[in-house]
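# Fold the following and give me the result.
(one chain, ligands or ions: 1)
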Amino acid sequence: MADDIRVKICGLSDPEHLRVAAEAGARYMGFVFFAKSPRHLTVERAAELAVSVPVGVAKVALVVNANDAELEAITTAVPLDMLQLHGKESPERVAEIKARFGLPVMKAVGVAEAADLAQIDLYSEVADQLLIDAKPPQGAELPGGNGLAFDWRLLAGRKYWRKPWMLAGGLTPENVGEAIRLTGARQVDVSSGVETTPGVKDAGLIREFLAAARAD
Ligand SMILES: O=C(O)c1ccccc1N[C@@H]1O[C@H](COP(=O)(O)O)[C@@H](O)[C@H]1O
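Numbers count the residues shown, from 1 in each chain. Here you go, the predicted structure:
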């Protein structure tokens, strides 16, 4: 087992799936706070779920262009370890959120072509981690969580970014091994790939994903 591969399961909403993910070795659990997402949680529900996350597993709040009032409500109600910024937050806004809310920040960067990789260096200055995801198609309702992959060969030979990074976008139990092999990722994030329909996670797929990601 490649136990050093750290897996994040995003968009969890059921305590049973939290239990399965933790038991199978997930290191991060993502709660989505974005009303347009089928995985959206209220702060009250997320606070209830957070209780079931074992010590040592990071609780991550995913937000999209959230204002301070929204962030205040989330961070006050839910015990969190990290904020995932998945919108169009500027480097200045990332730095401001990090300072104001006192939590490590992971900034999502959308990639469709080599030119997009420059964003990674830009955000490396201010974010604690980078999340390298597929750029959403023009006009997409969601800026992530679309089950869309990008060309992983764009990351080949570039594993030494200045900050820890996580690979996301269209990962599944079937393709995660190949994605890790091609990109050198040591951390991976999945949402749609462990669902039967958008927003509905599947315990068997969660287990399969973790086993595949952590296999040698
Ligand atoms: O999961 C969502 O609903 C979501 C909504 C808004 C922004 C990002 C979202 N999810 C993140 O998107 C990537 C890729 O997800 P997928 O595996 O392709 O479905 C991942 O980082 C999720 O955390």
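
# For the protein, what lies in contact range of the ligand?
Selection of the chain residues close to the ligand by Cβ under 6 Å from any ligand atom yields 10-11, 30, 32, 34, 37, 39, 62, 64, 86, 131, 133, 142-148, 168-171, 189-193. Yep, even glycine has a C-beta here, placed from its N, CA and C like the rest.

# Mark which of the residues you listed are buried, thanks.
Buried members of the residues of the chain next to the ligand, counted by 16 or more other Cβ atoms under 10 Å: 10-11, 30, 32, 34, 37, 39, 62, 64, 86, 131, 133, 142-148, 168-171, 189-193.

# ok now stretch 79-87, how far from the chain's centre?
9 Å (Cα atoms, centre = their mean, to the nearest Å).

# Can you tell me the centre-most residue of the protein?
residue 189 (4.9 Å; Cα atoms, centre = their mean).

# So what touches the helix-or-strand element of the chain with minimal mean pLDDT?
Lowest by mean pLDDT, DSSP states H and E among the helices and strands of the chain is helix 118-124, with a mean of 92. Residues from elsewhere that reach helix 118-124, judged by Cβ atoms under 8 Å, 6 or more residues apart in numbering: 91, 94, 107, 109, 110, 130, 132, 161, 162, 163, 165.

# Now for the first one: which residues touch it?
When contacts are counted by Cβ under 8 Å, 6+ apart, residue 91 touches 122, 123, 125, 126.

# tally of neighbours for the last one?
When you say that, I think you mean residue 126. By other Cβ atoms under 10 Å, the residues close to residue 126 number 20.

# Which helix or strand contains the residue nearest to residue 167 when sequence neighbours are not counted?
Nearest residue to residue 167 in three dimensions, chain neighbours excluded: residue 185, at 3.8 Å (Cβ to Cβ, 6 or more residues apart in numbering). Here residue 185, judged by DSSP states H and E, is contained in no helix and no strand.

# can you give me phi and psi for residue 185?
Phi and psi for residue 185, reported as degrees, to the nearest 10, are phi -60, psi 140.

# Residue 168 is in contact with that one, correct?
No - assessed by Cβ atoms under 8 Å, residue 185 is found out of contact with residue 168, at 9.4 Å.

# Filter the buried ones among the residues of the chain next to the ligand down to just the ones in strands.
Judged by DSSP state E, strands contain the following of those: 10, 30, 32, 62, 131, 133, 189, 190.

# The residue nearest to the centre of the chain and residue 6: what is the separation?
Residue 189 is 9 Å from residue 6, where distance means Cβ to Cβ, to the nearest Å.

# List the residues that contact residue 65.
Applying Cβ under 8 Å, 6+ apart, the residues near residue 65 are 87, 88, 89.

# Equivalent analysis for residue 34, please.
By Cβ under 8 Å, 6+ apart, the neighbours of residue 34 are 40, 62, 63, 64, 86, 142.

# Residue 16 now?
residue 203.

# Ramachandran angles for it?
phi -60, psi -40.

# Would you check how far apart the closest residue to residue 10 other than its chain neighbours and residue 194 are?
Spatially, and ignoring its direct neighbours in sequence, residue 10 is nearest to residue 30 (3.3 Å; Cβ to Cβ, 6+ apart). Taking Cβ to Cβ as the criterion, residue 30 is separated from residue 194 by 12 Å.
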